[in-house]
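A.B. asks: Whatever this is, show me its structure:
(2 chains)
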Protein chains: 2
Amino acid sequence: MIALAALPDVPEIRPGDDLAAILAQAASRLEGGLQPTDILAIAHKVVSKAEGRTVRLAEVFPGWQALELAEQHGKNPHHMQVILDEAQEVLRADRGRIICRTKHGFVCANAGVDASNAGRPGTVVLLPEDPDASARALRRELGCAIVITDSFGRPWRHGQAEVAIGCAGLVPAEDWRGQTDADDRELSATVIAIADEVAAAADLVRGKDSREPAVRVRGLARYVTAADGAGAAALIRPPEDDLFR
Amino acid sequence: MIALAALPDVPEIRPGDDLAAILAQAASRLEGGLQPTDILAIAHKVVSKAEGRTVRLAEVFPGWQALELAEQHGKNPHHMQVILDEAQEVLRADRGRIICRTKHGFVCANAGVDASNAGRPGTVVLLPEDPDASARALRRELGCAIVITDSFGRPWRHGQAEVAIGCAGLVPAEDWRGQTDADDRELSATVIAIADEVAAAADLVRGKDSREPAVRVRGLARYVTAADGAGAAALIRPPEDDLFR
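C.D. replies: Residues are numbered from 1 along each chain as shown, chains lettered A, B, ... in the order given. Modelled structure (predicted):
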């Protein structure tokens, strides 16, 4: 049995805000509060904003590559320059879709740079500098497992799904390789991306237009750990292991 | 608030079993039973087995392509022949990983052919012939929304996540394009793969070694529809729209 509930009445987050304190207060308004075996799934945008990971487009000077890509793909050149600054590599640029590998190793559209829900016009939000470190810091303050999430598109499948870009105190992936199924037959190559599935589950609770950035997930104590653990970095497939680059 | 619970004591499913009746009985043992606004997420394996979508490897005669691929990738040639029979196209074959597009259009390892939890040795389980049709049939009997799921690997990210291969009575994807965020700024290109997120959430409730193929998801009435709807076929990205083939 798993139960998911959005934390109520989280205010707009601004640079320098004490996000942990704000979330702790919101969680205290939820019946049952926050327990050490709970997981708190947090949309990265509030983490980024609290950490000051926002950029005012007017303060960015686009270079030649940004100007060229912006013109080709109908984008704002300032926005495009921020994308290039956050990208380690542009994997595909096609009809307005700019798929990048970020410095963290995530493959996603626009290197994770997002203009929606940025808090004020002319501002974009970046991914946290080190989302696993952000998760560890929030865990120290909040005392429960933490997953920091973002919506990524997927090849082959339509639509976006929420995934884990940072986590702490949670098994990011459960490895069943070498174990047996109900028929005692060895399971082949089964690694379950637990942190991504938690991110996806939490996304169902909140609407994209509402201010519900944090969701309490209760009932997954078996995946909650005493140590911070490997983090969501463990969910990045090494490029040399990837068949679709 | 969302609550997920596995249906208890579902017996081993065999070809010809009345799966809907078996699941209805199991659901009746769950407090609160099944309501019309519930979603039942069902691992495809029990659907496939009930529909007789299993193959005894001894009855399959591998052709030259199967023999060659089996030798190159250390696989059973009979198993490889079944994979080729189910595949419309082999996209990649690399160090034992055979990534195919199935006849349904899904891109996944081994064309969805799986030897684990097959019920008896020397037998493999195929995907349902038409998982959306299977979902519609189960919905008619059970009276709630249905998602049929499988675990797919993903490029770029380590581990598998559960996705929807069939659904009925559920909005498969929620389209926020043209709508505005909390700051009244238009959201760009945001389509949420609801059915996939439901599949992922349900996967967290059950262990791969246990007999818990069905999970009741309660609290998502806003995504449950009166009509069967477009099904999980709507989550297949058209090849011409895909940047990573």
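
A.B. asks: for the one helix or strand in chain A whose mean pLDDT sits lowest, packing partners?
C.D. replies: Taking mean pLDDT, DSSP states H and E as the measure, the helix or strand of chain A with the lowest value is strand A:174-175, at a mean of 90. Here strand A:174-175 touches strand A:191-192, going by 3 or more C-beta pairs under 8 Å, 6 or more residues apart in numbering or on different chains; DSSP states H and E. The way it works is simple: take the backbone N, C-alpha and C, and place the C-beta from them, glycine included.

A.B. asks: roughly how far is the strand it packs on from the heart of the chain?
C.D. replies: Its chain's C-alpha centre and that of strand A:191-192 lie 19 Å apart, by C-alpha atoms, centre = their mean, to the nearest Å.

A.B. asks: So is that strand next to chain B?
C.D. replies: Yes - Strand A:191-192 reaches chain B (C-beta under 8 Å from any C-beta of the partner chain) through A:Val191, A:Ile192.

A.B. asks: right, is the helix or strand following that strand up against chain B?
C.D. replies: Counting by DSSP states H and E, the element after strand A:191-192 in chain order, helix or strand, is helix A:194-203. Yes - using C-beta under 8 Å from any C-beta, we find that helix A:194-203 touches chain B at A:Ile194, A:Asp196, A:Glu197, A:Val198, A:Ala200, A:Ala201, A:Asp203.

A.B. asks: go on, stretch A:83-95?
C.D. replies: Yes - contact between stretch A:83-95 and chain B is present through A:Arg92, A:Asp94 (criterion: C-beta under 8 Å from any C-beta).

A.B. asks: Now name the helix or strand holding the residue nearest to the spatial centre of chain A.
C.D. replies: The centroid of chain A falls nearest to A:Thr149 when counting by C-alpha atoms, centre = their mean (2.4 Å). For A:Thr149, the host element (DSSP H and E) is strand A:145-153.

A.B. asks: and the helix or strand following that strand, what other elements does it pack with?
C.D. replies: Using DSSP H and E, the next helix or strand after strand A:145-153 towards the C-terminus is strand A:160-168. If you count contacts as 3+ C-beta pairs under 8 Å, 6+ apart, strand A:160-168 packs onto helix A:44-50, helix A:131-142, strand A:145-153, helix A:194-203, strand B:191-192, helix B:194-203.

A.B. asks: The last one - contacts with which helices or strands?
C.D. replies: Secondary-structure packing of helix B:194-203 (3+ C-beta pairs under 8 Å, 6+ apart): strand A:160-168, helix A:194-203, strand B:2-6, strand B:39-43, strand B:145-153, strand B:160-168, strand B:214-218.

A.B. asks: On the pLDDT front, check A:Asp241 for me.
C.D. replies: Listed pLDDT for A:Asp241 reads 82.

A.B. asks: now A:Phe61
C.D. replies: For A:Phe61, pLDDT reads 96.

A.B. asks: is the helix or strand hosting A:Ala66 up against chain B anywhere?
C.D. replies: Per DSSP H and E: A:Ala66 is located in helix A:64-73. No - taking C-beta under 8 Å from any C-beta as the criterion, helix A:64-73 and chain B are apart, separated by no less than 12.3 Å.

A.B. asks: Run the chain-centre distance for that helix.
C.D. replies: On C-alpha atoms, centre = their mean, the centre of helix A:64-73 falls 27 Å from that of its chain.

A.B. asks: And the contacts of that helix?
C.D. replies: With C-beta atoms under 8 Å, 6 or more residues apart in numbering or on different chains as the test, helix A:64-73 has contacts from A:62, A:75-81, A:83-84, A:90, A:93, A:95-98.

A.B. asks: average model confidence for stretch A:163-172?
C.D. replies: On average, stretch A:163-172 scores 98.

A.B. asks: So which bits of it are buried?
C.D. replies: A:Val163, A:Ala164, A:Ile165, A:Gly166, A:Cys167, A:Ala168, A:Gly169, A:Leu170, A:Val171, A:Pro172 (16 or more other C-beta atoms under 10 Å in any protein chain shown).
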